[in-house]
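> What follows is a predicted structure for the sequence shown.
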Amino acid sequence: MNRALILAVGTALCAAPIVFASQLAVAADAKAPDAKADAKTPLASDGHPDLGGFWSNATMTPERRPAKLGARSTYTPEEVKKMEGAVAQEVVEGNKPTDPNSGAEGGKEDPAKLRPEFAAAGGDVGGYNRGWLDPGSAVMRVHGEPRTSFLTTPDGQYPARLPTAAPAAGFARGGGGGMGSFDNPENRSLGERCIMGFGRNAGPPMLPNGFYNNNYQFLQTKDAFVIEVEMVHDTRVVRIGGTHRTDGVRPWMGDSVGHWEGNTLVVETTNIPQTQAYNGSWKDLKVTERFSRDGKDRVLYQYSIDDPTTWAKPWGGEYEFYKLNGQIYEYACHEGNYALPGMLGGARRQEQEAASKGAAAKGGE
């Protein structure tokens with residue numbers, strides 16, 4: 001594997017929190033709705049339902065449904081037991097000390113014992129032990145139903161794009177050029193430069209990244225709803241009762257305004273930057289999010305995707321945030337990490353060597 005590519009993979013995954021909530025404790029919260037779901041919804045000082053607190057959306061459930069499940073929107077109890085049991089065992093095995101005499105570079109675990117995505121993320125320089133990962137240990141429940149996907153489309157997949165829509169390919173999910181782009185720091189991804197987290201934790205829509213730091217703090221006042229994301233401590237401020245900006249500026253995470261519809265906070269976001277495109281959509285994209293309490297330990301999160309230049313009609317998904325058994329701390333992003341200047345320096349060296357060979361070849365003609 002190209003050394004620059006190896007370093008790029010390692011860099012993309014090396015920002016882990018110093019402290020995060022216990023995996024097993026968080027998973028226990030994810031497994032079922034609050035037993036007192038019919039209890040009176042807690043209220044904030046302005047009389048609206050209180051959405052504040054620390055929450056998580058780490059889960060085994062993906063945004064898109066596994067194709068083999070077809071139109072099935074829920075798992076059976078037997079399937080849930082098997083899936084969650086397998087992950088619990090994976091955590092136990094992964095938390096065992098690595099044998100320092102095993103010869104595994106960087107303490108890397110046997111790829112055969114890891115999920116394919118975890119093994120690939122480790123690259124050839126060694127990935128994290130399972131103890132550093134917190135991807136979620138339970139199937140996501142919505143109103144108690146164990147869901148097979150976040151998407152609520154009939155097949156749990158993205159809908160067909162319009163024939164005139166721009167192709168989804170070519171938009172880097174993390175911004176920047178990503179793998180293989182070594183001209184300058186601005187060509188690297190937003191996550192590598194600690195500007196935004198990788199994946200779509202900050203959104204909108206807000207989606208877990210499948211690795212770690214899928215935790216949030218919601219702060220609520222009568223004038224604003226603030227979403228602090230653990231991953232790279234991104235913070236989105238929703239103006240309650242505000243109007244969208246018209247100056248053409250596209251801030252990180254877009255321009256979000258909110259209003260209350262009964263007990264539901266509705267957040268509408270436009271002006272999303274191209275580097276944070278969702279499935280290739282950004283210029284005309286409008287994301288509508290709905291937050292409502294589902295018992296004292298759950299927040300129902302629903303999102304709608306609307307881009308008339310890309311899809312024939314709006315579509316979306318839903319899941320539930322569950323109470324985090326702990327709080328989020330400062331995210332130390334790439335502290336002491338010298339991989340990025342090393343990659344760029346290596347690329348400059350390769351360019352110099354190529355230029356020298358070219359000049360020598362030309363001189364020998």
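Great, that's in hand. Residues are numbered from 1 along each chain as shown.
> Mind checking what secondary structure the closest residue to residue 95 other than its chain neighbours has?
Once flanking residues are discounted, residue 95 sits nearest to residue 131: 4.6 Å by Cβ to Cβ, 6 or more residues apart in numbering. (Glycine included, C-beta is placed from N, CA and C.) Assigned by DSSP: H, G, I helix; E, B strand; the rest coil, the conformation of residue 131 is helix.
> Wait, residue 131 touches residue 94, no?
Yes. Residue 131 is within contact range of residue 94, at 6.1 Å (criterion: Cβ atoms under 8 Å).
> Next up, the contacts around residue 53.
Contacts for residue 53 (Cβ atoms under 8 Å, 6 or more residues apart in numbering) come out as 217, 218, 323, 324.
> which one of those residues has the most neighbours?
residue 324 (24 neighbours; other Cβ atoms under 10 Å).
> Against residue 194, how distant is the residue nearest the centre of the chain?
Computing the C-alpha centroid of the chain and ranking residues by Cα atoms, centre = their mean puts residue 209 first, at 3.0 Å. Residue 209 sits 15 Å away from residue 194, going by Cβ to Cβ, to the nearest Å.
> can you give me the helices for the stretch 251-365 of the chain?
Secondary structure of the stretch 251-365 of the chain (DSSP state H, counting those that start in this stretch): helices at 339-363.
> Name the spans of it whose pLDDT lies under the cut-off.
Within the stretch 251-365 of the chain, the stretches with pLDDT under 70 are 364-365.
> same check, this time on the stretch 101-250 of the chain
Counting by pLDDT under 70, the stretch 101-250 of the chain contains low-confidence ranges at 102-114, 119-128, 169-180.
> And the contacts of residue 53, which is closest to residue 291?
Comparing the contacts of residue 53 against residue 291 with Cβ to Cβ places residue 218 closest, at 8.0 Å.
> The closest residue in space to the residue nearest to the centre of the chain that isn't next to it in sequence: neighbour count?
Nearest residue to residue 209 in three dimensions, chain neighbours excluded: residue 199, at 3.1 Å (Cβ to Cβ, 6+ apart). Residues lying near residue 199 (other Cβ under 10 Å) number 19.
> thought residue 199 was touching residue 205?
No. Under the criterion of Cβ under 8 Å, residue 199 makes no contact with residue 205, lying 11.6 Å away.
> All the helices of the stretch 51-200 of the chain, residue numbers only.
All helices of the stretch 51-200 of the chain, identified by DSSP H, counting those that start in this stretch, fall at 77-94, 116-122.
> Can you check which of those gets nearest to residue 260?
Per Cβ to Cβ, nearest to residue 260 of the helices of the stretch 51-200 of the chain: helix 77-94, 34.6 Å.
> Which stretches in the protein count as strands?
Using DSSP state E, the strands of the chain run over residues 53-56, 141-142, 145-146, 215-220, 224-229, 235-240, 255-261, 264-270, 286-293, 298-306, 315-323.
> mind checking which of those is nearest residue 247?
Evaluated with Cβ to Cβ, the strands of the chain place strand 255-261 nearest to residue 247, the distance being 9.9 Å.
> And that closest one, what's buried?
255, 256, 257, 258, 260 (16 or more other Cβ atoms under 10 Å).
> do the same with stretch 135-147
135, 136, 137, 138, 139, 140, 141, 142, 146, 147.
> And stretch 288-307, by the same measure?
288-307.
> what's the answer for stretch 152-169, then?
By 16+ other Cβ under 10 Å, the buried positions in stretch 152-169 come out as 152, 153, 155, 156, 159, 161, 165, 166.
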